[in-house]
Every structure is written in C-alpha cells, then in structure tokens.
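Novice: task: produce atomic coordinates for the following.
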Amino acid sequence: MTAKKYNYISAFLAFLLWSAWAFFINIDSENVIISALSQGVASFIITLIMIKLLVYFYKMFPKGDWYFILPSLVTVGVTSSFVVFIHFMVHTKNIFYTVLPTVIIALLFALYTTKKIIEEEY
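Specialist: I've put the predicted structure just below:
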C-alpha cells in the first residue's frame, strides 16, 4: 500500500470515528448533524496535514533538551484552536467534550511522530 493511499484511508477513518463521536456527544442538540460533519471534515483535513506541520515546526524550533515537545504542542494547539473555532461558529452544544478526545489522541500521535522524526535525523 502506498503512503498516499494509507494517508487517505487514515483520514477517512478519522472522519468516521470523530464525526460519530461528535454526533454521540451532541445527540440532544438541534444542530447535531452539522456539528458531527464539522468535526469529521476537520479531522479528515488535520489527519492529512498533521505530519507536515510537525516537520515544519520541528525544523523551526531550536534544538535543546525536550525540544521535541514544542512541535507537538504547537501543532496540536493550532489544529485544536481551528476545530474549537469551527465548533463555536456552528454552535456545537458540547464543544469541550466534542474536542477533548481528539486533542488527547492528537497530542499522543504528535509526540510519537516527533520522536520518530528525531530518530530518523540521527
């Protein structure tokens, strides 16, 4: 399987998982469908660009002790802020609970990926 195909499969699975979660957590909301679709589309896009952002921020920050945390924190901070803003704009009822699991998983993925970037560099 090519890396590009794998990335799109991962993005599609992220869309399914996180839109279902957003639907479940906002089930009693008037705009549950738009909240779920917003989360799904954002998760799809973020899944496709997250590694590029990590590499970009990794190259941008000076190297030092624990510097591998900074690219992860900035990447997740930027992407999470984008998702919270989108949910605010579509009036998602439970923004905190909608976004929290995605932020936790994204941070763990970002830290793991940044560690892999460092290992490939040496």
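
Novice: looks like residue 43 contacts residue 14 (just checking).
Specialist: Yes: counting by CB atoms under 8 Å, residue 43 touches residue 14, with 4.2 Å between them. All C-beta spots, glycine's among them, are computed from the backbone N, C-alpha and C.

Novice: quick one: the helices in this protein?
Specialist: With DSSP state H applied, the chain shows helices at 3-25, 32-60, 69-89, 95-121, listed in chain order.

Novice: format those as a markdown table; extra columns: mean pLDDT and mean neighbour count.
Specialist: Listed next are these as a markdown table, based on pLDDT from 0 to 100; neighbours: other CB atoms under 10 Å:
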| stretch | mean pLDDT | mean neighbour count |
| --- | --- | --- |
| helix 3-25 | 90 | 16 |
| helix 32-60 | 93 | 18 |
| helix 69-89 | 95 | 17 |
| helix 95-121 | 91 | 16 |
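
Novice: now residue 19, nearest residue through space, not along the chain?
Specialist: Counting by CB to CB, 6 or more residues apart in numbering, residue 19 lies nearest to residue 40, which is 2.9 Å off, once chain neighbours are set aside.

Novice: that neighbour reaches residue 21, doesn't it?
Specialist: No: using CB under 8 Å, residue 40 is not in contact with residue 21; the gap is 9.3 Å.

Novice: which neighbours do the two share?
Specialist: Between them, residue 40 and residue 21 share no contacting residue under CB atoms under 8 Å, 6 or more residues apart in numbering.

Novice: give me the distance between the residue lying closest to residue 60 once chain neighbours are set aside and residue 18.
Specialist: Once flanking residues are discounted, residue 60 sits nearest to residue 71: 7.8 Å by CB to CB, 6+ apart. Computed as CB to CB, to the nearest Å, the residue 71 to residue 18 distance reads 22 Å.
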